[in-house]
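Colleague: got a structure for you, letters missing:
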């Protein structure tokens, strides 16, 4: 059993362990997992005065999150996590609000289509549609960040690759948290870190990948952007925890981006778990990571 220097992460781990179903109980259904993710997000607090409202952008439902700190013209397109089979603007509202506040920007959170009902590349198509519509509505690409966590981090990079293929302008920057960017699960950390990862299981990854792919080639960059050509992509910030099964995806992404001469900053946060930013109320490290990402986005969004 590992011991943790950060007592707060030990507390979060204890909280996660307490929420595991008792041995022998039936696993929750996909619908129950989706509802639980939304409930987790709706319990979180937002920065004072932060507004949120439903929107439809490019034919895709979503939510606009507007902190009081947002400067005119600054935009974030946020792509939520959830293994491509769960998650929504509701599940990620507190996290997006804190990131938007830190970057002094308003955010659109896309409610992209999920698997298995809508397999790959439906999510990528929706992300492109929202990005196009944001540009059509007056968003300037040099004042726009695309960000996402977990599967949404992978989708952020898949979107950037599609923008290049479609000859659309890149945003000012790409920010990804704990990205799931290789659905072949090929890096050794998928095995070496599983025992340390309280959020992710091999069975869960396999189930989500199969449901999202629906027979689609997992090596296609629209599903697994680690296999794409990163040349010409926007500057990239990656934040990942040292205790994640998905750690290897971030290491590979940084290598591929650097090899393609893309400006890339990789932050591996010691002792942190998958998308620890979501525990901002309990973790000082979550608040510090959000502040660091906000500073990076602020720099990229300056006129």
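Modeller: Perfect, I can see it now. Everything numeric here is computed off the predicted structure, so don't read it as measured data.
Colleague: does residue 167 belong to a helix or a strand, and which?
Modeller: Using DSSP states H and E, residue 167 sits within no helix or strand.
Colleague: okay, now it: neighbour count?
Modeller: Neighbour count for residue 167, taken as other Cβ atoms under 10 Å: 6. C-beta: built from backbone N, CA, C; applies to glycine.
Colleague: again, but for the one 3 residues further on
Modeller: Burial of residue 170, expressed as a neighbour count using other Cβ under 10 Å, amounts to 17.
Colleague: repeat that for residue 283.
Modeller: Neighbours of residue 283 (other Cβ under 10 Å): 20.
Colleague: can you check residue 263 too?
Modeller: Around residue 263 there are 13 residues (other Cβ under 10 Å).
Colleague: with residue 24 instead?
Modeller: 5.
Colleague: cool, residue 5 as well?
Modeller: 8.
Colleague: next: the one 3 residues further on.
Modeller: Applying the criterion other Cβ under 10 Å, we find 16 residues in the vicinity of residue 8.
Colleague: quick one: contacts of the host helix or strand of it?
Modeller: Assigned by DSSP H and E, residue 8 belongs to helix 7-18. Residues from elsewhere that reach helix 7-18 (Cβ atoms under 8 Å, 6 or more residues apart in numbering): 4, 198-199, 271-273, 276, 279, 282-285.
Colleague: looking at those residues, which is nearest residue 29?
Modeller: Nearest to residue 29 among the contacts of helix 7-18, counting by Cβ to Cβ, is residue 199 at 19.0 Å.
Colleague: from memory that closest one sits against residue 274, does it?
Modeller: Yes: Residue 199 lies in contact with residue 274 (Cβ atoms under 8 Å); the separation is 4.0 Å.
Colleague: tell me, what's touching these two both at once?
Modeller: Contact criterion Cβ under 8 Å, 6+ apart; residues bridging residue 199 and residue 274 by contacting each: residue 244.
Colleague: count the residues that sit near the nearest residue to residue 214 once chain neighbours are set aside.
Modeller: The shortest distance from residue 214 to any non-neighbouring residue, by Cβ to Cβ, 6 or more residues apart in numbering, is to residue 119 (3.0 Å). Residue 119 has 19 neighbours, counted by other Cβ under 10 Å.
Colleague: got the phi/psi numbers for residue 119?
Modeller: phi -70, psi 170 (degrees, to the nearest 10).
Colleague: for it, what are its contacts?
Modeller: 211-216.
Colleague: show only the entries of those residues found in helices.
Modeller: If you go by DSSP state H, the contacts of residue 119 have 211-213 in helices.
Colleague: using the three-state scheme, assign residue 238.
Modeller: strand (DSSP: H, G, I helix; E, B strand; the rest coil).
Colleague: neighbours of it, how many?
Modeller: 24.
Colleague: same question for residue 260.
Modeller: 14.
Colleague: follow-up on the earlier one: between the contacts of residue 119, which is closest to residue 265?
Modeller: residue 212 (28.0 Å).
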